[in-house]
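J.: A predicted structure for the sequence below; I have some questions about it.
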Amino acid sequence: QVDVFRFGRPGGAANFDISCFRQRARKRQSSFPFSLSRNAVEMKAKGVLKEYQVIGRKLPSEKDPNPPLFKMHIFAPDQIVAKSRFWYFLRQLRKFKKATGEIVSVKRILEKTPLRVKNFGIWLRYDSRSGTHNMYREYRDLTVGGAVTQCYSDMASRHRARAHSIQIIKVESVEASKTRRAHIKQFHDSKIRFPLVQRYHHKRYRKLFSFRRPDTYYQ
């Protein structure tokens, strides 16, 4: 049966068939590499990610009135995505899911020293087009969330890894003497110097006429 919409006056207008649009929509759905349910929230690295501590458990029953609690540290843009990622990881580790479990608490973890630059080591696992890979990366940032945000952007640019295919295993603050990557070690020099690449002439000190062409780079 084909649904038909009629436009204009009855009997005098042409019929508009929408069956072709339904066929196109079905083709688009079948071309997706994965299926998303209505309640699923896809992980997206949008803005600076925040660190959440999510605690959940299986629903109490007669066999198990006091089920154990499971705690995870999730990096997500908001609480909704954090809870969705919690159930994504937990249903792979234990035999229960969101329908048979409950969230006990969701708490955001703030950085203790947000004004001090630190070295962060990140252990991760991501799914590429050829398989699953483990990786260790290092970043310098003020907060853990900022370092993880750098990691998501770096993985997207270097390896074309989508945010939903990256799994953060562990994040730790690394001492300067224990760093491994060369692009992080170069900042640990006590006599490090940075060139003044551009010099800005303030409007207050500018002259109306100048005998030479102004330069913004440092000589």
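T.: Perfect, I can see it now.
J.: List the buried residues of stretch 174-186.
T.: 174, 179, 184 (16 or more other C-beta atoms under 10 Å). Where C-beta positions appear, they are placed from N, C-alpha and C, glycine not excepted.
J.: How about stretch 131-143?
T.: The neighbour-count criterion (16+ other C-beta under 10 Å) identifies 137, 138, 139, 140, 141, 143 as the buried residues of stretch 131-143.
J.: Pairing partners for the helix or strand where the fourth one lies, with directions?
T.: In other words, residue 140. Residue 140 is located in strand 132-141, with elements delineated by DSSP states H and E. As defined by DSSP bridges, the strand partners of strand 132-141 come to strand 118-127 (antiparallel).
J.: quick one: the strands in the protein?
T.: With DSSP state E as the criterion, the chain has strands at 4-6, 15-17, 50-58, 69-76, 101-109, 118-127, 132-141, 166-174.
J.: Save the ones you listed as JSON lines, and put in mean pLDDT and distance to residue 196 too.
T.: Listed next are the strands of the chain as JSON lines, based on pLDDT from 0 to 100; distance: least, C-beta to C-beta, whole Å:
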{"stretch": "strand 4-6", "mean pLDDT": "36", "distance to residue 196": "67"}
{"stretch": "strand 15-17", "mean pLDDT": "45", "distance to residue 196": "67"}
{"stretch": "strand 50-58", "mean pLDDT": "96", "distance to residue 196": "35"}
{"stretch": "strand 69-76", "mean pLDDT": "95", "distance to residue 196": "36"}
{"stretch": "strand 101-109", "mean pLDDT": "96", "distance to residue 196": "38"}
{"stretch": "strand 118-127", "mean pLDDT": "97", "distance to residue 196": "26"}
{"stretch": "strand 132-141", "mean pLDDT": "97", "distance to residue 196": "21"}
{"stretch": "strand 166-174", "mean pLDDT": "95", "distance to residue 196": "30"}
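J.: surely residue 49 meets residue 77?
T.: Yes: Residue 49 lies in contact with residue 77 (C-beta atoms under 8 Å); the separation is 6.0 Å.
J.: Which one's more surrounded, these two?
T.: residue 49 (28 against 18; other C-beta atoms under 10 Å).
J.: Got the phi and psi for that one?
T.: Main-chain dihedrals, residue 49, degrees, to the nearest 10: phi -70, psi 150.
J.: which ones are touching it?
T.: 75, 76, 77, 145, 148, 149, 152 (C-beta atoms under 8 Å, 6 or more residues apart in numbering).
J.: rewinding a little: got the CA positions of the strand holding residue 140 in CSV?
T.: Extracted in CSV, the C-alpha atoms of strand 132-141 (Å, rounded to 0.1, in the frame of the first residue of the first chain):
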residue,chain,number,x,y,z
THR,A,132,42.3,-3.1,17.7
HIS,A,133,45.5,-1.4,18.8
ASN,A,134,46.9,-0.5,22.2
MET,A,135,48.8,2.8,22.6
TYR,A,136,50.6,5.0,25.0
ARG,A,137,50.7,8.8,24.5
GLU,A,138,52.0,11.8,26.4
TYR,A,139,50.7,15.4,26.6
ARG,A,140,51.3,18.5,28.6
ASP,A,141,48.3,20.4,30.0
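J.: Fine by me, we can end here.
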